[in-house]
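Colleague: Turn this into a structure:
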Amino acid sequence: MKILGYSSPDKQNDRIIDEIEDINVDVVPGNNVNSQQNSEADTNVPSDYPRGVHKNDASSYKPTADGKFICLETKEVIPYTYVNDDFCDCKDSSDEPGTAACPNSRFYCTFQWPGHDPQFVPTSRVNDGICDCCDGSDEWEGHLVPPQIRITDKSKRYSIFQAPCENRCARVIRQLDEEKHIRSIGENIKKEYLEIGKGHSNEFGPDGAFYKLSKVCFPFQTPEYQYTVCPFKMVKQQHFPRPGVTIGKKPVWKSMTKGSYILEMTDGDRKLCPNNGVRSTTIYFLCGLNDKVIKIMEDEKCRYIAKFSTPAAC
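Modeller: Numbering: from 1, shown residues only. Alright, predicted model coming up:
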């Protein structure tokens with residue numbers, strides 16, 4: 001999921017969380033197999049249970065008096081030293097919560113979001129070089145992505161974070177708090193959009209919330225191109241002095257639910273497109289205080305993605 005981050009109401013659309021990768025934060029160090037790293041954002045996490053176990057389940061991972069571990073579902077009994085030894089001994093996979101040895105097992109991140117459902121990743125993603133947990137606790141061995149597939153261009157990373165992992169939890173929490181504040185303001189502004197859109201439901205989103213956008217065109221400049229985005233009407237790309245190219249003109253809603261407003265502008269120009277296909281632009285409407293294009297990129301040949309900030313999406 002892409003989340004807008006904000007530094008102030010005047011710059012609310014200048015940052016997207018998946019593009020902020022240059023802030024100086026601590027690298028998460030490795031730790032031993034049967035203890036958990038204390039997160040920067042949660043210093044009360046106990047360390048007397050195996051890595052990858054949610055603290056609410058800690059009692060299930062205590063060794064018996066004679067140093068055994070009882071598999072959670074199948075009740076097999078194995079030496080406690082077999083827990084997180086990178087070999088799957090329990091048929092229910094419960095002995096390897098912190099490694100990728102067992103199928104169908106979960107790794108619970110050391111840091112857990114306050115007030116949210118438990119955060120976990122499939123153990124198949126543990127130590128694969130990709131930082132899935134915001135605290136990097138899933139990459140405790142510090143393996144790096146192989147050089148031949150490692151992404152080095154920051155502009156192409158999107159939301160992928162590669163080991164060595166940074167502890168992003170405190171930063172993300174701040175951004176989520178700021179987003180919540182902006183969303184509250186945006187929902188109030190949205191009332192004006194709903195008033196204007198009365199009688200234009202479905203075609204222009206729920207209760208016609210996006211109708212106002214259909215009356216205006218929005219410019220966006222990149223180093224190479226000038227774009228003009230007219231939601232529900234046309235998206236154009238211009239590289240002066242060459243003629244402009246239409247990269248979408250027929251609106252089709254792909255998603256119309258809160259938090260996921262996606263409009264595809266299809267039926268663009270065909271010239272130079274593979275297999276005589278047509279150009280299209282997918283517009284992701286994101287909650288923001290102003291109507292503004294915040295990013296356009298060519299995701300693949302003749303397929304464009306635009307991110308658009310607007311109170312209509314709040």
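
Colleague: Flag every buried residue along stretch 84-101.
Modeller: Across stretch 84-101, burial judged by 16 or more other CB atoms under 10 Å covers 84-85, 88-90, 93-101. In short, each C-beta sits where N, CA and C put it, glycine included.

Colleague: which one of those sits closest to E73?
Modeller: When the buried residues of stretch 84-101 are ranked by distance to E73 (CB to CB), S94 comes first, at 6.7 Å.

Colleague: Now the nearest residue to that closest one once chain neighbours are set aside: which helix or strand?
Modeller: Leaving aside its sequence neighbours, S94 sits nearest to L72 (CB to CB, 6 or more residues apart in numbering; 4.1 Å). Element membership of L72 [criterion: DSSP states H and E] is none; it lies in no helix or strand.

Colleague: how would you label the residue of the chain positioned farthest from its centre: helix, strand or coil?
Modeller: Computed with CA atoms, centre = their mean, the residue of the chain farthest from its C-alpha average is D66, at 44.6 Å. Per DSSP: H, G, I helix; E, B strand; the rest coil, the secondary structure class of D66 is coil.

Colleague: now S184
Modeller: Classification of S184 by three-state DSSP places it in helix.

Colleague: count of neighbours near it?
Modeller: By other CB atoms under 10 Å, the residues close to S184 number 10.

Colleague: if I look at it, how far off is Y193?
Modeller: S184 is 16 Å from Y193, where distance means CB to CB, to the nearest Å.

Colleague: ok, which stretches of the stretch 151-300 of the chain are helices?
Modeller: Secondary structure of the stretch 151-300 of the chain (DSSP state H, counting those that start in this stretch): helices at 169-196.

Colleague: show me where pLDDT drops low in it?
Modeller: Applying pLDDT under 70 to the stretch 151-300 of the chain picks out residues 154-158.

Colleague: where along it do the strands fall?
Modeller: All strands of the stretch 151-300 of the chain, identified by DSSP state E, counting those that start in this stretch, fall at 218-221, 226-230, 234-238, 245-246, 250-257, 260-266, 280-287, 292-300.

Colleague: Could you check how many residues crowd around K271?
Modeller: 10.

Colleague: Just give the nearest non-adjacent residue to K307, would you?
Modeller: Looking at K307 with CB to CB, 6+ apart, the closest residue is K295, at 4.4 Å.

Colleague: Would you mind measuring from the one you found to E224?
Modeller: Computed with CB to CB, the distance linking K295 and E224 is 14 Å.

Colleague: higher neighbour count, those two?
Modeller: K295 (16 against 7).

Colleague: follow-up on the earlier one: ok, the buried residues of stretch 84-101 vs E166, which is closest?
Modeller: Among these, and counting by CB to CB, the member closest to E166 is G98, at 20.3 Å.

Colleague: SS state for the closest one?
Modeller: coil.

Colleague: Contact partners for it?
Modeller: V33, P50, R51, G52, V53, N84, F107, T123, V126, W140 (CB atoms under 8 Å, 6 or more residues apart in numbering).

Colleague: What of K233?
Modeller: By CB under 8 Å, 6+ apart, the contact list for K233 reads S214, C217, K249, P251.

Colleague: mind listing what the residue nearest to the first one when sequence neighbours are not counted touches?
Modeller: Read that as S214. What sits nearest to S214 in space, not counting adjacent residues and going by CB to CB, 6+ apart, is F232, at 4.2 Å. Under the criterion of CB under 8 Å, 6+ apart, the neighbours of F232 are E203, F204, F210, L213, S214, P251, L263.

Colleague: quick one: which two of those residues are the most distant?
Modeller: Farthest apart among those by CB to CB are E203 and L213. That separation is 12.1 Å.
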